[in-house]
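Asks: Dropping the sequence and predicted coords here.
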Amino acid sequence: MFRKKQPKQEIHVDERLQHIAFIMDGNGRWAQRRGMPRELGHSQGAATFRKIGRYCEKIGIKYMTVYAFSTENWKRPQKEIDAIMKIFDEFMEDAFREMYDDNVKVRFIGNLSIFPESVREKMAKIERETAEKPFSLNVAVNYGGREEIVHACNALIAEGKTNVNEADISDHIYTFGQPDPDLIVRTGGDIRTSNFLLWQSAYAEYYFTKTLWPDYSEKDVNEAVEEFYSRKRRYGGV
């Protein structure tokens, strides 16, 4: 399950791998193993997120989704939640400064109604200002895959729909208009989906690694991509 292959030194993706998603797990454990508070692991994880995002764009991936904060993460200690929210706010401030130089189009996905209006205004401004950029980044905050499907169904009910099909739901999920993820990578050693992109992941390839997210590197991305290309995607066929 955790098999690793030796990747090529040079790697570039083609149309078979347009969308990669990351469950960025292991920040707290990374810090604890070093005798540091868990929240410091999230700071290191944020730096890794930037590095990996830039590398994914460099090798030709067009869409990237990251699981930044789930609907279940509110159960964590308040000190850790406050640290994550501070990092998230800093990310948005940095985005204002850097978006004119980067090629990143940002979309925040999840139930954003829980955030203060000032935060939601920042999100909306970033989305507007980056709308024409070529590399799409989805940041999942207060996100849950089940909640997303319920949200889509309620939106369809509000439109008067009494009968829905798969296309209707796909048009109302948070990632509407984007291809489903081809590859979902989970770091940190756990082998589960954790309520992430449940609708979109129907035919995604999963790759699990024991590497904790703050230690995740460009080499690790290459290994995941090489593993992806070694698999045969049948989509229910033979």
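Replies: The structure has been received and is ready for your questions.

Asks: in this structure, which spans are strands?
Replies: Ranges of strands in the chain, per DSSP state E, are 19-23, 63-70, 104-109, 135-143, 183-186, 205-208.

Asks: so can I have CSV of those strands showing distance to Ala158?
Replies: Every residue, glycine included, has its C-beta placed from N, CA and C. Output for the strands of the chain, formatted as CSV (distance: least, Cβ to Cβ, whole Å):
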stretch, distance to Ala158
strand 19-23, 28
strand 63-70, 25
strand 104-109, 19
strand 135-143, 21
strand 183-186, 30
strand 205-208, 34
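
Asks: between these, which gets nearest to Asp89?
Replies: strand 135-143 (11.1 Å; Cβ to Cβ).

Asks: returning to that earlier point: which one of the strands of the chain has the lowest average pLDDT?
Replies: Lowest mean pLDDT within the strands of the chain: strand 63-70, a mean of 89.

Asks: among the strands of the chain, which is nearest Ala152?
Replies: That would be strand 104-109 among the strands of the chain, by Cβ to Cβ, at 12.0 Å.

Asks: Can you list the neighbours in contact with the closest one?
Replies: 53, 57, 65, 95, 99, 123, 126-127, 130-141, 143, 148, 174-175 (Cβ atoms under 8 Å, 6 or more residues apart in numbering).

Asks: so where do the helices sit in this structure?
Replies: Here the chain has its helices, by DSSP state H, at 27-32, 38-58, 78-98, 117-129, 145-158, 166-170, 218-230.

Asks: Run a quick neighbour tally on Gln200.
Replies: The local packing of Gln200 (other Cβ atoms under 10 Å) involves 22 other residues.

Asks: For it, which non-adjacent residue is spatially closest?
Replies: Sequence neighbours aside, Asp180 is the residue nearest to Gln200 in space, at 4.4 Å (criterion: Cβ to Cβ, 6 or more residues apart in numbering).

Asks: list the contacts for Ser194?
Replies: Residues in contact with Ser194 (Cβ under 8 Å, 6+ apart) are Ile23, Asp25, Tyr67, Ser70, Glu72, Arg186.

Asks: Distance-wise, check the third one relative to Ile157.
Replies: Relative to Ile157, Tyr67 is positioned 27 Å away (criterion: Cβ to Cβ, to the nearest Å).

Asks: Those two: which has the busier surroundings?
Replies: More neighbours surround Tyr67 than the other of Tyr67 and Ile157, with 24 against 11 (other Cβ under 10 Å).

Asks: Confirm for me that the more buried one is in contact with Phe49.
Replies: No. With contact defined as Cβ atoms under 8 Å, Tyr67 does not reach Phe49; the gap is 10.6 Å.

Asks: Show the model's pLDDT score for Met123.
Replies: Reported pLDDT for Met123: 89.

Asks: residue contacts, it?
Replies: Met123 sits in contact with Met92, Phe108, Leu112, Phe115, where contact means Cβ under 8 Å, 6+ apart.

Asks: do Glu121 as well
Replies: Counted by Cβ under 8 Å, 6+ apart, Glu121 has zero contacts.

Asks: same thing with Glu205?
Replies: So Glu205 contacts Asp182, Leu183, Ile184, Phe228, Arg231, Arg233 (Cβ under 8 Å, 6+ apart).

Asks: how about a cut-off of 6 Å?
Replies: Counting by Cβ atoms under 6 Å, 6 or more residues apart in numbering, Glu205 touches Leu183, Phe228, Arg231.

Asks: could you flag which of the residues you listed are buried?
Replies: Buried members of those, counted by 16 or more other Cβ atoms under 10 Å: Leu183, Phe228.
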